[in-house]
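Visitor: 3D, please:
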Amino acid sequence: MNNQSAQMPVIRRVAIVGSGLSGLTAGIRLQQQGHDVKVFEKSRGPGGRLSAKRVPGGSADVGAQYFTSRNPEFLPFLRKFAGDQSFAIWPGRFGFLDKSSNWGSFPDEPRYVGAPRMTAITRALSRHVDVTAETRVERLERSGDQWLLVDTEGNSLGEFDRVIITAPPAQAQTLLANSQLSGLVAELEAPVQKVLPCWAVAAHFETSPWSHHEGMRVEHPVLYWLANNSSKPGREDDGHWWVLHANPEWTEQNVETPAGRVAELMVDAFRELTGFSTEPDNLVTHRWLYARSRDGDQPGHLWFADNSIGIAGDWLSGGRVEGAFDSASSLVAAMTAER
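Guide: All right, here's what the predicted structure looks like:
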């Protein structure tokens, strides 16, 4: 390992639960400082909200649709650890439709996407850390001054000096409850209540049903966001894949509605907004139970020094993709500022 500053505490091993942008950022930051890091991911690979769904001929971004960069450290970090080839500017035309059916414009700022899919960024970042996939951490057990991680099969995952949890607040709260950490569970009660779900549908058309915008934020009883996924750089689709996101209120009302019916209702709403008459020839659905958080306190991160446990995620820092980077960076700074 690299030499550590005399002012920096010795953190021999750090476990990170979750390999989204927050988890990978924290892992890379800590490894830069000489710490031994291991990341555990419940899914087959890294991604988090930078998620893409396999569709015929390629993939469709069903999670975060793009990201902006306001922190001057964010893009240099991505360029260094993910590479310039993993993301690009999306030069689309963006519009906002209000409740009175009036079109307005989006703020004029660069919007970036992963190329050829959003997961290209997290997959590139994951090459710099040790990620164990398809492993769900069930609980933490005290082992002297360390934490022993145990998976859902009862297997030991090793002992660690510090633990960082980057799962959505509801999943983080469950992990803490399983670990008998009632005080920390209570800290997440309010954030859990603010988590919003989202139904996402990818619909394929031979010809684009809408030619005025590539991305649209809409105020509608059913829909929240519409985008021509095939217009993003690096996509080489036959035809056009459109991604539709339902608004949180409608999703909450239909969270248990069968996926096929959800897709039908959302495409009908898309048709109502745009006036197209053609039917999609393929549909793929995805239900996000923990999509984003309502407005609330934005502390950046949570660091429970007495327990040696930290929590990071975009929901703690504005909800945007960049917020995941900001949250992880601020948590690492708090951890390594200890004396």
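
Visitor: distance of residue 78 relative to residue 88?
Guide: For residue 78, the distance to residue 88 equals 11 Å [C-beta to C-beta, to the nearest Å]. In short, each C-beta sits where N, CA and C put it, glycine included.

Visitor: these two - which one has more neighbours?
Guide: Taking other C-beta atoms under 10 Å, residue 78 and residue 88 do not tie; residue 78 has more neighbours (23 against 16).

Visitor: element containing the more buried one, please.
Guide: helix 74-81 (DSSP states H and E).

Visitor: who touches the next helix or strand after that helix?
Guide: Where DSSP H and E defines the elements, the next helix or strand beyond helix 74-81 is strand 87-89. Here strand 87-89 makes contact (C-beta atoms under 8 Å, 6 or more residues apart in numbering) with 78, 110, 111, 112, 113, 114, 115, 120, 121, 233, 234.

Visitor: try it again with 6 Å
Guide: 110, 112, 114, 115, 121, 233 (C-beta atoms under 6 Å, 6 or more residues apart in numbering).

Visitor: list buried residues within those.
Guide: Among the contacts of strand 87-89, those scoring as buried are 112, 114, 115, 121 (criterion: 16 or more other C-beta atoms under 10 Å).

Visitor: inside strands: which ones of those residues?
Guide: Residues of the buried ones among the contacts of strand 87-89 located in strands (DSSP state E): 112, 114.

Visitor: mind putting the buried ones among the contacts of strand 87-89 into CSV with pLDDT and distance to residue 37?
Guide: Converted to CSV, the buried ones among the contacts of strand 87-89 look like this (pLDDT from 0 to 100; distance: C-beta to C-beta, whole Å):
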residue, pLDDT, distance to residue 37
112, 98, 26
114, 98, 23
115, 97, 27
121, 98, 19
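
Visitor: just give me the closest of the buried ones among the contacts of strand 87-89 to residue 310.
Guide: Nearest to residue 310 among those, counting by C-beta to C-beta, is residue 121 at 22.4 Å.

Visitor: which residues touch the closest one?
Guide: Listed by C-beta under 6 Å, 6+ apart, the contact partners of residue 121 are 50, 82, 86, 87, 114.

Visitor: now swap in residue 134 and tell me
Guide: Contact analysis of residue 134 by C-beta under 6 Å, 6+ apart lists residue 44.

Visitor: wait, is it part of a helix?
Guide: No: the assignment for residue 134, made by DSSP: H, G, I helix; E, B strand; the rest coil, is coil rather than a helix.

Visitor: distance of it relative to residue 333?
Guide: Residue 134 is 31 Å from residue 333, where distance means C-beta to C-beta.

Visitor: spatially central residue in this structure, please.
Guide: Nearest residue to the geometric centre of the chain (C-alpha atoms, centre = their mean): residue 49, 2.3 Å.

Visitor: output the helix holding residue 78 as PDB, restricted to C-alpha atoms.
Guide: Written as PDB, here are the backbone C-alpha positions of helix 74-81 (Å, rounded to 0.1, in the frame of the first residue of the first chain):
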ATOM      1  CA  PHE A  74     -16.300  15.400 -11.300                       C
ATOM      2  CA  LEU A  75     -15.400  15.300 -15.000                       C
ATOM      3  CA  PRO A  76     -11.600  15.000 -14.300                       C
ATOM      4  CA  PHE A  77     -12.400  12.100 -12.000                       C
ATOM      5  CA  LEU A  78     -14.400  10.300 -14.700                       C
ATOM      6  CA  ARG A  79     -11.700  11.000 -17.300                       C
ATOM      7  CA  LYS A  80      -9.000   9.600 -15.100                       C
ATOM      8  CA  PHE A  81     -10.700   6.500 -13.900                       C
END
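
Visitor: ranges for the helices of this structure?
Guide: For the chain, the helices defined by DSSP state H occupy 21-32, 74-81, 119-126, 169-178, 182-187, 189-193, 248-253, 259-274, 321-336.

Visitor: which one of these is the most hemmed in?
Guide: Counting by mean count of other C-beta atoms under 10 Å, helix 21-32 has the highest mean neighbour count of the helices of the chain, with a mean of 26.

Visitor: helices and strands around it, which ones?
Guide: Applying 3 or more C-beta pairs under 6 Å, 6 or more residues apart in numbering; DSSP states H and E, we find helix 21-32 packed against strand 13-17, strand 36-40, helix 321-336.

Visitor: flag the shaky bits of the chain, pLDDT-wise.
Guide: The model of the chain has pLDDT under 70 over residues 1-11, 296-297, 339.

Visitor: mind giving me the domain split of it?
Guide: 13-47+124-192+301-336, 52-118+194-293 (automatic domain parsing).

Visitor: for the ones you listed, state which one has the densest average packing.
Guide: Mean neighbour count (mean count of other C-beta under 10 Å) peaks for domain 13-47+124-192+301-336 among these, with a mean of 20.

Visitor: so how far is the first residue of that domain from its last?
Guide: End-to-end distance of domain 13-47+124-192+301-336 (C-alpha to C-alpha, to the nearest Å): 13 Å.

Visitor: try stretch 103-122
Guide: One end of stretch 103-122 to the other measures 34 Å (C-alpha to C-alpha).

Visitor: with stretch 71-86 instead?
Guide: 19 Å.

Visitor: so what touches it?
Guide: For stretch 71-86, the external contacting residues (C-beta under 6 Å, 6+ apart) are 28, 69, 120, 121, 124, 125, 128, 322, 325, 326.
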